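*Asks:* My questions concern the predicted model and sequence given below.
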Amino acid sequence: MHKLEDEDTGEVHYTSIVCRYLDQDKCQCSDYSQRNVNVPECVLLTPERVDEFAWLPNTCAYRLIAEGKDLYDWHPLVSGDKASVQAAGIAVTGKVVDERSVHPDSHQEYIVRWVEQ
């Protein structure tokens with residue numbers, strides 16, 4: 001999901017705008033191996049870099065592991081089922097819009113409050 005940072009406060013706001021490579025039905029990158037070639041600003045997230053990204057949602061597995069917390073029961077690493085994310089209502093499917101359909105000047109109109117940090 002695209003994020004906007006308030007230049008005055010540093011506060012980060014999530015938008016419902018997602019990368020063109022997000023397969024919204026599967027909730028995964030459709031070109032994962034080439035994501036940083038196709039989208040140079042795509043974040044390369046690793047367990048070692050979690051502290052660099054204060055904006056990670058509280059459901060992020062990398063964040064939870066770094067904080068010594070358990071993953072949620074619906075997480076595929078726990079449930080063994082990728083569909084468990086959608087079954088739990090956590091998936092972004094049906095809640096987001098492809099970046100190609102949003103004018104760059106209107107990103108603020110897509111700020112959402114349903115992502116918990």
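*Replies:* Great, that's in hand.
*Asks:* quick one: the helices in the protein?
*Replies:* 35-38, 61-66, 76-79, 83-87 (DSSP state H).
*Asks:* Throw these into a markdown table and include distance to Tyr21, mean neighbour count and mean pLDDT, thanks.
*Replies:* For glycine as for every other residue, the C-beta is placed from the backbone atoms N, C-alpha and C. Formatted as a markdown table, the helices of the chain follow (distance: least, CB to CB, whole Å; neighbours: other CB atoms under 10 Å; pLDDT from 0 to 100):
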| stretch | distance to Tyr21 | mean neighbour count | mean pLDDT |
| --- | --- | --- | --- |
| helix 35-38 | 6 | 12 | 90 |
| helix 61-66 | 20 | 16 | 91 |
| helix 76-79 | 20 | 13 | 92 |
| helix 83-87 | 18 | 15 | 88 |
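*Asks:* quick one, which of the ones you listed is nearest to Ser101?
*Replies:* Minimum separation from Ser101 across those (CB to CB) falls at helix 35-38, 17.9 Å.
*Asks:* any idea how far that closest one is from the chain center?
*Replies:* Centroid separation for helix 35-38 versus its chain: 16 Å, with CA atoms, centre = their mean, to the nearest Å.
*Asks:* Export only the CA atoms of it, formatted as PDB.
*Replies:* Extracted in PDB, the C-alpha atoms of helix 35-38 (Å, rounded to 0.1, in the frame of the first residue of the first chain):
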ATOM      1  CA  ARG A  35       9.900  -6.300  -7.900                       C
ATOM      2  CA  ASN A  36      12.900  -4.100  -7.200                       C
ATOM      3  CA  VAL A  37      13.800  -3.800 -10.900                       C
ATOM      4  CA  ASN A  38      10.200  -2.900 -11.900                       C
END
